[in-house]
Every structure is written in structure tokens, then in C-alpha cells.
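**Q** the sequence isn't on hand, but the structure is:
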């Protein structure tokens, strides 16, 4: 019976961790520019939404490209906003699962809901 409770508790923590993932949208001022996350397979023109389950202080490198223009890089950090869900999950789970309940505090910060990148096309060779 003891192991059943432990398995249920760990399963609940995994589910709660998924709830602590950040969702954000990145837009460019040029709607024809292609936005992509470095090292990921997602890309979109003008606006890109993504979900990130990494803990606080994570950063995401963004690449903005357009035909005939220089590639530009931007970085967004997961320290921009307080994530209240992680705090409340910690409050409710710690009494039941002990120190494992503090794990959601790793997701105490999140990205802003929306970023707007001020993208200006610099022709190749310009500085």
C-alpha cells in the first residue's frame, strides 16, 4: 500500500510539472519574416507560439530570417514573470509528499505572454 501512494504521488507531481510549463508567443514587426527557435524544428512567419517545460532562468534563442536580409538573433529569458501556479502547487503538494512537493518551485518564473521583436531588414552586407 505504501508504494501505491508513492507511485500516485510521483504521477501527480509529473502531471503538475507539466502544468508549470510556460506558453508564450513571439511576433515580429515584419509579418513576412520567418521566426524559429534555435535547435528546434518549429518555425512560423510573423508569429510563433511555443511551450517550454524547462525550469527557471532558462533562455530561448530565436532566429529571425527573411530572403535578402541578414539573419538576426534574439534571446528571451524565463525570468520575466512570476508563475503563480508553481507557487500554489508547491503549497498544496508539500504537506502530502514532503520535500518532493517543492519541485514545482523550479518553475516559479515564466516567459512573458507575448514578445514583439522589432525586426528591421538589413540587406546582406549592411551593418
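**A** Nice, thanks for sending it over. Everything quoted here is computed from the prediction, not taken from an experiment. Numbers count the residues shown, from 1 in each chain.
**Q** and the residue nearest the centre of the chain, what does it touch?
**A** In the chain, the residue lying closest to the centroid (CA atoms, centre = their mean) is residue 52, at 3.3 Å. Contacts for residue 52 were tallied using CB atoms under 8 Å, 6 or more residues apart in numbering; they are 21-24, 58, 60, 78, 111. Yep, even glycine has a C-beta here, placed from its N, CA and C like the rest.
**Q** same deal with residue 124?
**A** 68-70.
**Q** by pLDDT, rank the contacts of residue 52 and give me the bottom one.
**A** Within the set of the contacts of residue 52, pLDDT is lowest for residue 21 (72).
**Q** pretty sure residue 121 is touching residue 72, no?
**A** No - using CB atoms under 8 Å, residue 121 is not in contact with residue 72, being 9.1 Å away.
**Q** format the contacts of residue 124 as a markdown table; extra columns: distance to residue 47 and secondary structure.
**A** Shown next, in a markdown table, are the contacts of residue 124 (distance: CB to CB, whole Å; DSSP: H, G, I helix; E, B strand; the rest coil):
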| residue | distance to residue 47 | secondary structure |
| --- | --- | --- |
| 68 | 21 | coil |
| 69 | 18 | strand |
| 70 | 21 | coil |
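**Q** make TSV out of the residues you listed and add neighbour count.
**A** Listed next are the contacts of residue 124 as TSV, based on neighbours: other CB atoms under 10 Å:
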residue	neighbour count
68	7
69	18
70	14
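**Q** for those residues, which one is nearest residue 43?
**A** Taking CB to CB as the measure, residue 43 lies nearest residue 69 of the contacts of residue 124, at 15.6 Å.
**Q** can you show me the helices along this structure?
**A** 2-19, 84-97 (DSSP state H).
**Q** can you tell me which of the ones you listed the model trusts least?
**A** Looking at the helices of the chain, the weakest mean confidence is helix 2-19, a mean of 64.
**Q** so where do the strands sit in the protein?
**A** Taking DSSP state E as the criterion, the chain carries its strands at 22-28, 34-37, 43-45, 47-52, 59-65, 72-77, 81-82, 109-110, 114-117.
**Q** rewinding a little: let me have the contacts of residue 124 in JSON lines, adding distance to residue 35 and pLDDT as columns.
**A** Converted to JSON lines, the contacts of residue 124 look like this (distance: CB to CB, whole Å; pLDDT from 0 to 100):
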{"residue": "68", "distance to residue 35": "17", "pLDDT": "91"}
{"residue": "69", "distance to residue 35": "13", "pLDDT": "93"}
{"residue": "70", "distance to residue 35": "15", "pLDDT": "93"}
